[in-house]
Each structure stands twice: as C-alpha cells, then as structure tokens.
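got a predicted model here, sequence first, then my questions.
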Amino acid sequence: MSDRITVTGDQPYDVIVGSGALANIADVIPADVRRVALVHQRAVATVVDTIEAALSPRVEVTRITVPDAEGAKVASVAVAAWDTLAAHGFTRTDLVVGVGGGAATDLAGFIAATWLRGVRVVLAPTTLLGMVDAAIGGKTGINVDAGKNLVGAFHPPSAVICDLSTLDSLPRADYAAGLAEIVKAGFIADPVILTLIEADPSAAVTPSGPHTAELVGRAIAVKAAVVGADLREMSAVGPGGLGREILNYGHTLAHAIEKRESYRWRHGDAVSVGLVFAAALARTAGYLDVETAARHRAVLDSLDLPTSYPADAWPQLRSAMNLDKKTRGRMLRFVVLEGLGRATILSDPDSELLEAAYAEVAR
C-alpha cells in the first residue's frame, strides 16, 4: 500500500511512499520514453537490478555507476555521465532515473537538467535523508572547492518513489542522520513529528518503528507544501512567510561544517549541530524561548545525533558561512524560530552574538 503526496506548482509531480513501491516504477515512465539511464551508487546495485528488470521489457536501459556519497557530486563524474548519454544516443524524450542516497539523486537531477538543456528525471531515494530532503523539491547540483551545491539548477522530477523497504539495510548511523531533517520539519512546521519522536526515541531510530511511515510522510508533506509554492526561493510564502528559505533552518552552520570536514561528515549529523546552533542564536537574540531552544538539543540527543563541534573550528566555520546561499552581499542571514512553526530571518547578526551562540555547541 502506497501513499501519494503531490508537489504542486508549475511542474507538479507525485511522491509515492510505501513499502515495495519500486515494484511499480514502470507506471511512472511516460509512454514516449525509449531509453532510460540508471544513475546509481554501487551500494544499491541490487535495487537497480530490480528496477532494470521492471523497465527492460519496455525501454533500453543504461546503467551509470557513480562514486559513493559526496564523491559523486563533482564535475568529472557529471562529464563522464554526459559522455555516456551521448554514446547511447539519449534524446529529449528519454529519461534519467536516480537511485541511491541524496548525493546520487542530486547528481542524477543535475545530469538530467543539463543534458540537452533538460530531460525528464525520476528519483528513487534509498536513504532516509534522500526521501525526506534531497529528492524532494527540484534542487539539483554538484559541489566545487568553494562549497557544497554551489553549481546546480532547479529541475523538478517527473516523480519520486520512496520505497520504505530499502531503508531496512541502511546502517543505523545513516538512518539516524536522516532523522535530523525530519526533526527540522517538526520545528519549522509540524510539531506532531516532535511528539512522535519524544514518545519513543528508540523506535524512531529504526525503520521497523511503528511511526516510520508517518514520520517520513509528514516530513515530505512539509517540504512538498513549501517547494510547491516557492520552487526557486523567490517568494514570501509557506510556513512563517519565508518561502523555501525556511528549509535552510540549521543549514548555514551545517554546510560550513561539511566544508570543513571535506564532506566526510554525514549531512544529517551536520544539520543536527546546525539546529542546536540556530536555536541558541535565536534564544540569545531574544527571538526564542528557553524551553523551545532546549528542546532542540533534547530531541536530537535522544536520537544519538551530534549536538556539539570543536571550539577551535569557529574561525573556519565563520569564514565558510560567507558563501551560504542565503547571504546577500556581505550580509549573513539565518533562519531562526520565534516559536514552534514560526520562522523568520535574522539578518547580519553581530560577531558577539554569533560567538555566544557557537559557545553553546562548542566542545
């Protein structure tokens, strides 16, 4: 049994969520498609075997294996993929399918967005982070030396298929890291998420937990509502009136941590630290009450997610934040909370305020 969550907007599409959902992937491939490129990481080869078996009777399938994790999101990998598409005669009526974690779906979307100035893409995330974050919303991109996701395009998929059964083999640490984005959704828009986690944190950190489908569905619904109204981060819409920027809650520091760690840290782990920092910044600036700020650390600690980072890293992190996508000119902008489900922008906070907030995550 699968649920469908529709992402509205100029290019609407469905997110299909359920155990075994990939068995019906052929149903979302348009009838005019003749060739499909499966962009995937080696770790999900068994899942790709299933997809290829489902599609082969109808279309010519080409497999493009890419490096694991953020190693996939570099220009050389994209160039190699473009060369493969050229060698197999891919046209504008053909289609790319991205299978794997968020890095694989980001890359697959970018390849599709740039080949012949845009071909269709279907995404099949196999990690929790990919399901609730990377595969939803039409953001595609690769990393460069200056920072993460600085080269990319907005290119909504034709469909997203979240097969919950693929989560069963996910390492516990990777699964827990994906929960950070679900926690974020709870704080910015849907506090029921927080209540479900707080009721049984040990169940929340396993795919077999009783609330897994609901947590995933609620987090996807939050993101779908925001990106459906504001694909390109240009409108003051969505929860709190911020539009898509609201989804960057906790991400300003998180992206700086990822850059400092040369992307060896899990994205969700960095977001976890970033959420605690954002809550501390809002409380220190007088926006957020003490109890809600403290709830961030309590929920994340209950999931065994990191909530601190080395004290001596601050100068590097502060420098890296200057390239954050929310920055305007030289003015740093942070998404902060004024209460549960009520976000706003804190612009150009002074250095003392930033340092005081970081002191609360420094170890």
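Yep, it's here. Residues are numbered from 1 along each chain as shown.

can you list the strands that the one helix or strand Ile16 maps to pairs with?
Using DSSP states H and E, Ile16 sits within strand 13-18. Using DSSP bridges, strand 13-18 pairs in its sheet with strand 3-7 (antiparallel), strand 159-163 (parallel).

can you flag the weakest of these by average pLDDT?
Mean pLDDT is lowest for strand 3-7 among those, at a mean of 92.

list the buried residues for that one?
By neighbour count on 16 or more other Cβ atoms under 10 Å, the buried set for strand 3-7 is 3, 5, 7. Every residue, glycine included, has its C-beta placed from N, CA and C.

now these as a markdown table including distance to Glu60?
Shown next, in a markdown table, are these (distance: Cβ to Cβ, whole Å):
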| residue | distance to Glu60 |
| --- | --- |
| Asp3 | 31 |
| Ile5 | 31 |
| Val7 | 29 |
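
and the gap between Thr84 and Arg232?
Separation of Thr84 from Arg232 (Cβ to Cβ, to the nearest Å): 29 Å.

neighbour count: these two, which is higher?
Thr84 (16 against 11; other Cβ atoms under 10 Å).

find the nearest non-adjacent residue to that one, please.
Distances taken as Cβ to Cβ, 6 or more residues apart in numbering put Ile64 closest to Thr84, at 5.5 Å, once the chain neighbours are dropped.

next: Leu323.
Leu323's closest residue in space is Gly147 (Cβ to Cβ, 6+ apart), at 4.7 Å.

helices or strands next to the helix or strand bottoming out on mean pLDDT in the chain in the packing?
Least confident helix or strand, the chain: strand 147-154 with a mean of 87, by mean pLDDT, DSSP states H and E. Counting contacts by 3 or more Cβ pairs under 8 Å, 6 or more residues apart in numbering; DSSP states H and E, strand 147-154 is packed against helix 102-114, strand 139-144, helix 251-260.

what mean pLDDT does the second one have?
Same thing as strand 139-144. Rounded mean pLDDT across strand 139-144 is 92.

quick one: contacts of that strand?
Contacts to strand 139-144, defined as Cβ atoms under 8 Å, 6 or more residues apart in numbering, come from residues 70, 73-75, 77-78, 106-110, 112-113, 149-155, 263.

strands paired with it, and their directions?
Going by DSSP bridges, the partners of strand 139-144 are strand 147-154 (antiparallel).

how far away from the center of its chain is the partner strand?
Chain-centre distance of strand 147-154: 13 Å, with Cα atoms, centre = their mean, to the nearest Å.

for the helix or strand in which the residue nearest to Thr84 is found, which positions count as buried?
Here Ile64 sits within strand 60-66, counting by DSSP H and E. Of the residues in strand 60-66, 61-64, 66 count as buried by neighbour count, 16+ other Cβ under 10 Å.

kindly report the same for stretch 145-165.
Neighbour-count burial for stretch 145-165 [16+ other Cβ under 10 Å]: 147-149, 151-152, 154-164.

tabulate the buried residues of strand 60-66 (JSON lines), appending pLDDT.
Output for the buried residues of strand 60-66, formatted as JSON lines (pLDDT from 0 to 100):
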{"residue": "Val61", "pLDDT": "96"}
{"residue": "Thr62", "pLDDT": "97"}
{"residue": "Arg63", "pLDDT": "97"}
{"residue": "Ile64", "pLDDT": "97"}
{"residue": "Val66", "pLDDT": "96"}
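
just the closest of those to Ala279, please.
Val66 (35.5 Å; Cβ to Cβ).

verify the stated contact: the closest one with Thr105.
No: in this structure, Val66 is not within contact of Thr105 by Cβ atoms under 8 Å, at 10.9 Å.

out of the strands paired with strand 13-18, which is closest to Thr292?
So among the strands paired with strand 13-18, strand 3-7 is nearest, using Cβ to Cβ, at 27.2 Å.

domain ranges for the chain?
Per automatic domain parsing, the structural domains of the chain span 3-168, 171-359.

and the end-to-end length of the first one?
Distance between the boundary residues of domain 3-168 (Cα to Cα, to the nearest Å) amounts to 19 Å.

again with the longest one
Domain 171-359 has an end-to-end distance of 31 Å (criterion: Cα to Cα).

which parts of this protein are helices?
Per DSSP state H, the chain carries helices over the ranges 45-55, 75-87, 102-114, 128-129, 172-188, 192-199, 201-204, 212-229, 251-260, 267-284, 290-302, 314-320, 351-359.

can you add mean pLDDT and distance to Ala21 and give those back as a markdown table?
Below are the helices of the chain laid out as a markdown table (pLDDT from 0 to 100; distance: least, Cβ to Cβ, whole Å):
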| stretch | mean pLDDT | distance to Ala21 |
| --- | --- | --- |
| helix 45-55 | 94 | 11 |
| helix 75-87 | 97 | 25 |
| helix 102-114 | 96 | 15 |
| helix 128-129 | 95 | 15 |
| helix 172-188 | 96 | 17 |
| helix 192-199 | 97 | 21 |
| helix 201-204 | 95 | 21 |
| helix 212-229 | 93 | 11 |
| helix 251-260 | 94 | 28 |
| helix 267-284 | 97 | 22 |
| helix 290-302 | 98 | 28 |
| helix 314-320 | 94 | 38 |
| helix 351-359 | 95 | 41 |
